[in-house]
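Engineer: Please work out how this folds:
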Amino acid sequence: MQRYAIFNKSNKILITKTPDIDKQGFNGEIINCTSEVLKNTNFDEYFDERCTTCLLLACEQISIEEVFISLTKRYYFVLAAGGIVQNEKGEILFMFRNGNWDLPKGHWEKGESLEYTAKREVIEECGIKELELGQFLCFSYHTYTMFHRPELKRTSWYLMHCSSSEQLSPQTEEGIEKLCWVSREELDTVLSQSYPNIQNIFREIKLLGVL
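Structural biologist: The predicted model follows:
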């Protein structure tokens with residue numbers, strides 16, 4: 001892994017080993033993160049949900065894992081999993097919920113594998129009957145406060161396949177208004193109406209050469 005991208009309500013914190021690549025188009029504060037900087041800097045303000053300043057930590061002289069652990073140690077770790085569902089036409093399944101286009105995902109339950117969680121959540125939220133689980137793609141990270149407790153959700157994303165002839169059924173009790181197959185030509189338009197962390201997922205998997 002060359003980077004961790006941690007999102008909250010209003011901004012993101014990017015911890016990267018490849019700053020020259022990630023600085024391109026980055027709109028925010030950039031800090032050269034060394035052991036000394038990590039030890040003597042309070043980064044809590046960037047995790048505040050009211051903070052709108054994005055932060056890039058360039059970690060050319062320090063392990064990004066060390067920085068990630070140091071910055072997130074006060075958070076309660078939550079596991080989730082979801083799917084990038086593709087049909088035989090190369091279209092990708094999106095859901096519309098809370099005014100944004102999103103991807104199917106949900107919380108891990110005790111005793112499950114993350115692969116099982118991902119597939120279960122896609123089936124539940126989209127009503128798919130025949131779903132093939134593919135390769136692991138990437139992680140996404142999202143912080144929020146739940147019952148006054150700071151939580152860090154790590155979502156494992158998997159590539160999945162199903163037929164475009166599937167009769168989709170949105171899980172309306174979860175606030176899902178509609179489901180839609182999105183072509184490659186429409187993808188950028190849909191992502192512009194999605195969450196920043198969803199946009200980042202597609203950036204990551206494009207770098208992998210999967211889509």
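Engineer: Assign the closest residue to residue 43 other than its chain neighbours to helix, strand or coil.
Structural biologist: Here the nearest residue to residue 43 in space, its sequence neighbours aside, is residue 71; by CB to CB, 6 or more residues apart in numbering that works out to 5.6 Å. C-beta here means a position set from N, CA and C on the backbone, and glycine is covered the same way. With DSSP: H, G, I helix; E, B strand; the rest coil as the basis, the three-state label of residue 71 is helix.
Engineer: Over to residue 140?
Structural biologist: What three-state DSSP gives for residue 140 is strand.
Engineer: Quick check: beta-bridge partners of the residue nearest to it when sequence neighbours are not counted?
Structural biologist: In space, not counting the residues next to it along the chain, residue 140 is nearest to residue 155; the distance is 4.8 Å by CB to CB, 6+ apart. Bridge pairing for residue 155 (DSSP bridges) gives the partners residue 80, residue 140.
Engineer: Residue 155: neighbouring residues, count only.
Structural biologist: When neighbours are counted by other CB atoms under 10 Å, residue 155 registers 24.
Engineer: go on, the one 10 residues further on?
Structural biologist: Here the count is done by other CB under 10 Å, and residue 165 has 8 residues near it.
Engineer: Can you report phi and psi for it?
Structural biologist: Note on residue 165: backbone dihedrals following degrees, to the nearest 10 are phi -80, psi -10.
Engineer: quick one, what contacts it?
Structural biologist: Listed by CB atoms under 8 Å, 6 or more residues apart in numbering, the contact set of residue 165 is empty.
Engineer: and the closest residue to residue 57 other than its chain neighbours, what is it in contact with?
Structural biologist: Of all residues not flanking residue 57 in the chain, residue 33 sits nearest, at 4.1 Å (CB to CB, 6+ apart). Residues counted as contacts of residue 33 (CB under 8 Å, 6+ apart) are 15, 57, 58, 59, 62, 67.
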